[in-house]
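[1] no sequence on this one, just coordinates:
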């Protein structure tokens, strides 16, 4: 996990009109894993925000600016660690990314 989200689920019907709006319970959040930001087909590509991988339902919540900023920061950290170590982003240990994100205060549960 490298980012957390708690925005309402705001599903726009892809076949026409209608929207479903659901809120998470107060104090609840969901985790966003590093794998959502890594391309399966293009080595060295790290994405964030609306470009990351997820279902239509998941994207209805994570397409908002706070989550785009959190995943953008995570993508940048992963890319910088990859460049520094000479590894592909997919080969950077998640623990290294989490530690760098936690240093300035990102909400990364379980990382000291």
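    That came through, no problem. As the structure is a computational prediction, the values presented were derived from the model and not from experiment.

[2] quickly find the element holding the closest residue to residue 100 other than its chain neighbours.
    Take residue 100 and drop its neighbours on the chain: the residue closest to it by Cβ to Cβ, 6 or more residues apart in numbering is residue 77, 4.7 Å away. Glycine gets a C-beta too; all of them are placed from N, C-alpha and C. When elements are assigned from DSSP states H and E, residue 77 belongs to helix 65-85.

[3] and that helix, what does it pack onto?
    Where contact means 3 or more Cβ pairs under 8 Å, 6 or more residues apart in numbering; DSSP states H and E, helix 65-85 is packed against strand 3-5, strand 30-32, helix 56-62, helix 94-102.

[4] buried deepest among those, which one?
    Counting by mean count of other Cβ atoms under 10 Å, strand 3-5 has the highest mean neighbour count of those, with a mean of 21.

[5] name the helices or strands packed onto the following helix or strand past that one?
    Going down the chain from strand 3-5, the next helix or strand is strand 9-12, by DSSP H and E. Judged by 3+ Cβ pairs under 8 Å, 6+ apart, the packing partners of strand 9-12 are strand 19-22, helix 56-62.

[6] out of the ones you listed, the one nearest residue 32 is which?
    Nearest to residue 32, of all these, is helix 56-62, at 6.8 Å by Cβ to Cβ.
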